[in-house]
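1. Got a predicted structure here, sequence first:
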Amino acid sequence: MMGGVRRPARRPPNDVSPSSTAETTPEHSPRVAVIGAGAFGGWTALQLQRMGAHVTLFDIWGPGNSRSSSGGETRLLRGLYGPDRLYVQWVARSLDLWRECEHFCGFPLYQRTGVLWMFGGSDEYCRESLSPARELGFRVDALEFSEAERQFPQVRFEGVRTAYFEHEAGFLRARQACYAICEEFQREGGTYAQISASPGPIESQAMRCIELADAYQLAADQYVFACGPWLGRLFPEVLGAAIRPTRQEVYYFGAPSGEGGFDADQFPSWMDLGDRIYYGFPNVDRRGLKVADDTRGPEFDPTDGDRSPSPDGVARARDYLASRFPRLAGAPLLEARVCQYENSPDGHLIVDRHPEAANVWLVGGGSGHGFKLGPALGEHVARCVLGRAEPEPLFSISRVAGLASPHTQFGRPA
């Protein structure tokens, strides 16, 4: 479960007591409880509210909190997704909705920087991506090295075999986006409570209620659990070890005094697929150049895990920085963060009904690439919950049954 923006309620929303039950009549909107206010849960709650449901959103620590997979400062938005056209469609739709979100929150959440893709080996992933990406409006150019060096003198292209530039890509301000979505959800009539919530009993193919803090219960017609790295713990009998949180370190390095060439208006976000996969962002909001290693880390406890950066991780990031961006060799480390991926075995999302409770939906498996898709995913989940769409087979629970070891990296499909 993940947190909220207001102080914990002393009693559950609408003063619901343990004996309350949900009744749906044609005259009443369906009541839906959404647990988790990250990118998936927040957008799902907002879309359900807009589609006429009566929605209550719960989170234990707040939208975009530092324990969540939606926490942190920035997330990549890009349209290259291999041959998976559905993902590209969702990115395109999500980009429209992220821009709409900026209008109601009054703050820039998306910044177009372009993404520089660098391949040290095969670029098959990119070549497979070109057709669906271009068809949906994402301009991508293959770069000759002379052109790449002219455009990006900050980069040393040693070891790079091919390079591409994706023009419409950029980054999202993640923590601020989660907060803005939760606030808009409440402005549009939704109810939010910062309180712990967990699954209640399942009887006759339906969940009867959810269990809230202080022994309270809340009953609804439908339940959506979008609990990020905690989803597997809440439903071990269904997901087993199919949701595996891994420890991921990110670093922010300072540019030299007076050096503006790495600022977000002059330098792109990037993906570097070599022996290891590194990605990063320019100097956003003067916090420093962000560098992250996409290699899956060890298993991690998102609630109580130690979030101190490791010396080995810092050393690898410094070595990478010096080799790829020589002007930043020896740059000071300004900040370091430990977050987590919530990996599914194949890297695809999980969006499906609980197999033993038709009124329960499990949503997760972001696997390091899901944040950008939150708006389109929220629309899809809302339609499924309200009976207006069927779940995508690609995201079924049945495909991950009995699987536990993630074997994808950022490229497929993260």
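-> Ah, there it is. Note that the structure is a prediction, hence the values are computed from the model and not measured. Numbers count the residues shown, from 1 in each chain.

2. so what does the one helix or strand residue 251 maps to touch, helix or strand wise?
-> Assigned by DSSP states H and E, residue 251 falls within strand 244-253. With contacts taken as 3 or more CB pairs under 8 Å, 6 or more residues apart in numbering; DSSP states H and E, strand 244-253 sits against strand 289-293, helix 311-324, strand 333-343. Every residue, glycine included, has its C-beta placed from N, CA and C.

3. Swap in 6 Å and give it another go.
-> On a contact count with 3 or more CB pairs under 6 Å, 6 or more residues apart in numbering; DSSP states H and E, strand 244-253 meets strand 289-293, strand 333-343.

4. just so I know, which of those strands lies nearest residue 385?
-> Among those, the nearest to residue 385 by CB to CB is strand 333-343 (20.8 Å).

5. Tell me the buried residues in that closest one?
-> Within strand 333-343, the residues that count as buried by 16 or more other CB atoms under 10 Å are 333, 334, 336, 337, 338, 339, 340, 341, 342, 343.

6. Please convert these to TSV, extending it with pLDDT.
-> As requested, the buried residues of strand 333-343 are exported to TSV (pLDDT from 0 to 100):
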residue	pLDDT
333	97
334	97
336	97
337	96
338	97
339	96
340	96
341	97
342	97
343	97
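
7. Reformat the residues you listed as JSON lines; add distance to residue 319.
-> What follows is the buried residues of strand 333-343, written out as JSON lines (distance: CB to CB, whole Å):
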{"residue": "333", "distance to residue 319": "13"}
{"residue": "334", "distance to residue 319": "18"}
{"residue": "336", "distance to residue 319": "15"}
{"residue": "337", "distance to residue 319": "19"}
{"residue": "338", "distance to residue 319": "19"}
{"residue": "339", "distance to residue 319": "21"}
{"residue": "340", "distance to residue 319": "24"}
{"residue": "341", "distance to residue 319": "23"}
{"residue": "342", "distance to residue 319": "28"}
{"residue": "343", "distance to residue 319": "26"}
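
8. If we ignore the residues flanking it in sequence, what's nearest residue 263?
-> Once flanking residues are discounted, residue 263 sits nearest to residue 283: 4.9 Å by CB to CB, 6 or more residues apart in numbering.

9. out of the helices and strands packed on strand 244-253, nearest to residue 194?
-> When these are compared by CB to CB, strand 333-343 sits nearest residue 194, at 20.6 Å.

10. Now tell me what touches the closest one from outside.
-> The contact list for strand 333-343 (CB atoms under 6 Å, 6 or more residues apart in numbering) reads 69, 72, 228-229, 243-246, 248-254, 288, 300, 302, 307, 309, 364, 366-368, 406.

11. residue ranges for the helices of the stretch 251-400 of the chain, please.
-> Counting by DSSP state H, counting those that start in this stretch, one finds helices in the stretch 251-400 of the chain at the ranges 311-324, 374-385.

12. mind checking which of those helices is nearest residue 223?
-> helix 374-385 (9.1 Å).

13. Rounded mean pLDDT for that closest one, please.
-> Averaged across helix 374-385, the pLDDT comes to 98.

14. Show me what that helix packs onto, helices and strands only.
-> Using 3+ CB pairs under 6 Å, 6+ apart, the elements in contact with helix 374-385 are helix 39-50, helix 85-105.

15. relative to helix 374-385, how tilted is the longest one?
-> Looking back up the chat, that one is helix 85-105. 100 degrees (axes from the mean of the first three to the mean of the last three CA atoms, to 10 degrees).

16. cool, and the first one?
-> Between the axes of helix 39-50 and helix 374-385, defined by the same axes, to 10 degrees, the angle is 50 degrees.
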